[in-house]
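no sequence on this one, just coordinates:
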Ligand SMILES: Cc1cc2nc3c(=O)[nH]c(=O)nc-3n(C[C@H](O)[C@H](O)[C@H](O)COP(=O)(O)O)c2cc1C
């Protein structure tokens, strides 16, 4: 048994020496600026998310992006052809600059703030919108970009002209060695290696980089070791950061002792006061049992997603809301939810309210915190806090959770 703890290690990124704890990006504004800022203040790395930033900016900074877009496309609300619904690139840029700029201006401490950027937010113009999001984040001073939810085979080329391209930290999230090899091969032309690789296993929250039927055949430690050994054999000195199911400081220490440079964690922070989930949803996370959590195929992105079975967004047959949002529309203006919705409407022409179970209107429900995505070990969150007589758990501070990861030993979890 090890006597070490996470604090005995440091993550070296260029000139920086960091506490090797990275809080993963959680869209839509679940990993808030406040949460990321705490990680940075404590010497680690925090992530904001770039998912749906126009609506996040409306809520946080009093802009009116969603209202404006809905007004522009109101004529199309009953039309199931969404090909005309486009984002204004200037507005995406403005929303990104606002969120990143305000977050960076508030930063204190020696840690760093990165942004999680998902390729699967295709926004009915995948290349154009992603390019604007990435470049605007760089303009606004983000210290690192974590490329997520997709292979990102062309993403580095989108920012190679940016003056900060060689100084910003760039990481890629992969769930297999093959995905990493493909990323490196396709981006080789830019002559720029990633500064870190996050290896995300099948126990993570959010979307999974595995198949719906085979995710449980994989395990993080195995994939992580494969990646570490391959990089070593190729003489590539890139920090590897495992993610998914690392629940205690001791879990993290085990990875650090076997060649990982840091860990990426998220689920433990979903019940922190800085997390963007509403208070009552945090209680749902605390109370969940193992049987209350599932991996399903309802995300229209096509990736499996883990969530609480009692998420209100499951089965809610709302009208597609692409005129206001439309973040998941593919390059042809299609979303799998629209098809599922139309099928149910056709099957129940007289129904006032319909149910759609096989797909969900992800934009609307993530925006409203009605899809409760979570990591596999969410059912252990109850062991990280105290319950009052009414059955409610104490919300934790992000600092408490961070320091528990940093200092705890022997599989122990410090209660508040
Ligand atoms: C509520 C929630 C939302 C998430 N959203 C995203 C996301 O938007 N993009 C992403 O790349 N990963 C997302 N993740 C994955 C985390 O960033 C992280 O890699 C993973 O959950 C770590 O495993 P853990 O939760 O077991 O600690 C999310 C995780 C959770 C719990």
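Okay, I see it. Values in this document were obtained by computation on a predicted structure and should not be read as measured data.

any idea whether residue 110 is helix, strand or coil?
Reducing the assignment at residue 110 to three states with DSSP: H, G, I helix; E, B strand; the rest coil gives coil.

the nearest residue to it once chain neighbours are set aside and residue 262, how far apart?
Nearest non-adjacent residue to residue 110, counting by Cβ to Cβ, 6 or more residues apart in numbering: residue 43, 5.2 Å away. Using the backbone N, CA and C atoms, a C-beta is placed for each residue, glycine as well. Distance of residue 43 to residue 262, computed by Cβ to Cβ, to the nearest Å: 12 Å.

ok, the closest residue to the ligand within the stretch 201-350 of the chain - how many residues close by?
The ligand sits closest to residue 205 of the stretch 201-350 of the chain, with a gap of 2.4 Å, by Cβ to the nearest ligand atom. Residue 205 has 26 neighbouring residues, counting by other Cβ atoms under 10 Å.

could you check the pLDDT of it?
We have a pLDDT of 98 for residue 205.

just checking, it touches residue 304?
No. Counting by Cβ atoms under 8 Å, residue 205 does not reach residue 304; the two are 11.8 Å apart.

which helix of this structure spans the most residues?
The residue-count maximum for a helix in the chain (DSSP state H) belongs to helix 89-105.

in that helix, what's buried?
By neighbour count on 16 or more other Cβ atoms under 10 Å, the buried set for helix 89-105 is 89, 91-101, 103-104.

just to revisit the earlier point, what's the pLDDT at the residue nearest to residue 110?
Residue 43 carries a pLDDT value of 98.

can you pull the residues of the stretch 251-400 of the chain lying near the ligand?
264-267, 270, 373-375, 377 (Cβ under 6 Å from any ligand atom).

which of those fall within strands?
264-265 (DSSP state E).

reformat the residues of the stretch 251-400 of the chain next to the ligand as a markdown table; add pLDDT.
Formatted as a markdown table, those follow (pLDDT from 0 to 100):
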| residue | pLDDT |
| --- | --- |
| 264 | 99 |
| 265 | 99 |
| 266 | 99 |
| 267 | 99 |
| 270 | 98 |
| 373 | 98 |
| 374 | 98 |
| 375 | 98 |
| 377 | 98 |
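
picking that back up, what's in contact with the longest helix of the chain?
Identification of contacts with helix 89-105 by Cβ atoms under 8 Å, 6 or more residues apart in numbering yields 33, 36-37, 48, 50, 53-54, 56-57, 60-61, 63, 65, 68-69, 113, 115, 123, 128-129, 132-133, 135-137, 139-143.

next helix or strand past it?
Per DSSP states H and E, helix 89-105 leads on to strand 112-118 as the next helix or strand towards the C-terminus.

sort out which residues of that next one are buried, please.
112-118.

tally of neighbours for residue 62?
By other Cβ under 10 Å, 7 other residues sit near residue 62.

now the helices for the stretch 251-400 of the chain?
279-287, 336-347, 362-367, 398-407 (DSSP state H, counting those that start in this stretch).

next one: the last one to chain centre, how far?
Read that as helix 398-407. 20 Å (Cα atoms, centre = their mean, to the nearest Å).
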